[in-house]
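J.: Curious how this folds, go ahead:
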Amino acid sequence: MKNQFYILLILFFAFRIQSAEASHIIGGELSYTCLGNNNYKIEVKVYRDCYNVEILFDDPTNVFIFNSSGDLVNTLHIAFPGSDTIPVASNCGIPVPFVCVEEAVFIDSVNLPPSPGGYTMVYQRCCLTYIVNNIVNPYNTGLSIFATIPDASVASCNSSPVFISYPPTVFCTGVPINFDHSAIDPDGDSLVYELCTGIAGADIFNPYPNPPLPPPYPEMIYDAGYSGYYPMNTDPVLAIDPVTGEITGTPTAVGIYMVSICVKEYRNGNLLSVHRRMINLHTEAYYLSAESLMLTESLNIFPNPGSDIMKIELSGNTSINHEWRIYNSQGVLVNASLIANNADAIELNVEGYAEGVYHFQWIHHDKVLTKSFIVSR
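T.: Predicted coordinates for the structure are as follows:
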């Protein structure tokens with residue numbers, strides 16, 4: 001009985017460690033360009049949370065290529081090329097310091113001779129960040145980032161559409177959204193835009209399948225009241241112009257939402273492919289963002305995620321009369337206190353906190369240092 005207990009305990013902690021290590025992906029997309037002679041350039045854009053999670057990109061990133069019969073015909077092992085941080089922009093001109101998006105662009109080439117029914121290329125990864133308001137069990141939900149090459153009899157040497165710009169990461173409640181989310185198509189095909197359902201793939205027990213199952217892939221399971229076509233709380237509702245790709249709507253609630261945007265590619269009235277971008281979008285309360293916040297690496301919280309006692313340190317602190325505050329993901333103040341003179345660290349007991357993302361502020365006069373932490377059990 002004791003041995004069984006230890007085995008269960010080991011499995012529990014292995015599950016927790018794997019959960020923490022896998023939860024970092026916040027979006028992605030896969031596109032291709034025909035180079036001629038059945039050669040294609042493959043480009044995978046992967047977006048990760050670079051603020052709340054320290055896990056790096058996969059190296060290599062594997063792209064699996066299936067034919068229409070579901071047979072695995074090729075695998076691309078793409079080395080990590082480096083990454084860039086996407087500037088965090090908001091639609092209300094106010095900086096939000098606790099959001100960070102990092103992009104890695106994996107590029108390779110492959111020769112794919114004409115095949116009946118074409119090909120499907122896929123990169124699968126689990127899991128989403130812990131708190132995504134519109135998806136059930138985001139910490140056990142991964143992404144299937146894929147693209148299809150049509151049958152050569154329908155379109156020979158086709159290239160997929162590519163979105164031009166990455167949208168603002170943060171939208172303020174009560175402020176209208178107006179963003180051009182249009183794409184370009186190298187072949188001049190007709191493009192039609194729509195909000196669409198996110199596609200899942202992989203789970204916490206197999207976060208990086210090698211290889212994954214062949215298509216089709218399951219749709220994400222949305223929380224009550226949400227869908228791919230109503231992914232976030234907005235009034236008027238979030239919408240995309242089918243012709244121009246302009247996204248409009250006004251956020252009404254704070255949260256983090258998985259949003260999928262699809263562009264359908266048509267030639268001579270025939271649907272060739274659907275290019276899908278899946279990304280996390282944040283909505284923040286305007287009053288929270290309006291504070292003069294400063295992001296600094298001198299404020300550290302560990303362990304993060306945490307479940308009971310978390311330590312918060314401010315390096316280089318020489319001031320006095322500090323105050324700290326904690327807001328939940330809805331912008332509600334849940335705790336606050338004064339800090340003793342010259343203290344540069346505190347211990348925070350979060351046993352009574354609900355699971356989720358919180359924003360810690362260390363305040364002194366007109367300087368506010370902010371860092372997010374996650375409570376997870």
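
J.: make it CA atoms for all contacts and neighbour counts henceforth
T.: Noted.

J.: for the stretch 151-300 of the chain, what spans make up the helices?
T.: Assigned by DSSP state H, counting those that start in this stretch, the stretch 151-300 of the chain shows helices spanning 286-289.

J.: Pop out the phi and psi values for N140.
T.: Here is the backbone geometry of N140 (degrees, to the nearest 10): phi -120, psi 20.

J.: For it, list the residues it contacts.
T.: Neighbouring residues of N140 by Cα atoms under 8 Å, 6 or more residues apart in numbering: S19, C126, C127, L128, D203, I204.

J.: Likewise for Y226?
T.: N134, M232.

J.: Need the pLDDT of it.
T.: According to the prediction, Y226 has pLDDT 97.

J.: quick one: it from I247, how far?
T.: To I247, Y226 is 18 Å away according to Cα to Cα, to the nearest Å.

J.: cool, E347 as well?
T.: For E347, the distance to I247 equals 44 Å [Cα to Cα].

J.: ok, now G352?
T.: Taking Cα to Cα as the measure, G352 falls 40 Å from I247.

J.: So for the two, which residue has more residues nearby?
T.: The neighbour comparison of G352 against I247 (other Cα atoms under 10 Å) goes to I247, with 21 against 9.

J.: so what's the closest residue in space to that one that isn't next to it in sequence up against?
T.: Excluding the flanking residues, the one nearest I247 by Cα to Cα, 6 or more residues apart in numbering is I240, at 4.3 Å. I240 makes contacts with Y193, E194, L195, E246, I247, T248, as judged by Cα under 8 Å, 6+ apart.

J.: how close does I240 get to S90?
T.: I240 is 18 Å from S90, by Cα to Cα.

J.: ditto for V99
T.: Distance from V99 to S90, by Cα to Cα: 11 Å.

J.: okay, and the common contacts of those two?
T.: In terms of Cα under 8 Å, 6+ apart, V99 and S90 are not both contacted by any residue.

J.: Just the buried ones from the contacts of N140?
T.: Buried subset of these (neighbour count, 16 or more other Cα atoms under 10 Å): S19, C126, C127, L128, D203, I204.

J.: Put together TSV for those, with pLDDT and distance to T173 on each row.
T.: Converted to TSV, those look like this (pLDDT from 0 to 100; distance: Cα to Cα, whole Å):
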residue	pLDDT	distance to T173
S19	36	31
C126	93	29
C127	90	27
L128	89	23
D203	92	32
I204	88	33
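
J.: among the residues you listed, which are in strands?
T.: If you go by DSSP state E, the buried ones among the contacts of N140 have C126 in strands.

J.: Relative to S144, which of the buried ones among the contacts of N140 is nearest.
T.: C126 (9.0 Å; Cα to Cα).

J.: What distance do you get for the closest one to N111?
T.: Using Cα to Cα, C126 is found at 28 Å from N111.

J.: all strands in the stretch 201-350 of the chain, in order from the N-terminus.
T.: For the stretch 201-350 of the chain, the strands defined by DSSP state E, counting those that start in this stretch cover 239-240, 246-249, 255-267, 270-284, 299-302, 309-314, 322-328, 333-339, 345-349.

J.: Sorry, slip of the keys, the one I care about is the stretch 1-150 of the chain.
T.: For the stretch 1-150 of the chain, the strands defined by DSSP E, counting those that start in this stretch occupy 25-36, 39-49, 61-67, 72-78, 84-86, 101-111, 119-126, 142-149.

J.: The fourth one pairs with which strands, and in what direction?
T.: In its sheet, strand 72-78 lies beside strand 61-67 (antiparallel), with partners assigned from DSSP bridges.

J.: Can you pull out the residues in contact with the strand it pairs with?
T.: Residues external to strand 61-67 that are found in contact with it (Cα under 8 Å, 6+ apart): 72-80, 106, 115, 117-123, 210-212, 214.

J.: From the residues you listed, list the buried ones, please.
T.: Buried subset of the contacts of strand 61-67 (neighbour count, 16+ other Cα under 10 Å): 72, 75-76, 78, 80, 106, 117-123, 212, 214.

J.: picking up where we left off before, now tabulate the strands of the stretch 201-350 of the chain in CSV and tack on distance to I26.
T.: Formatted as CSV, these follow (distance: least, Cα to Cα, whole Å):
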stretch, distance to I26
strand 239-240, 21
strand 246-249, 20
strand 255-267, 8
strand 270-284, 6
strand 299-302, 22
strand 309-314, 25
strand 322-328, 20
strand 333-339, 26
strand 345-349, 28
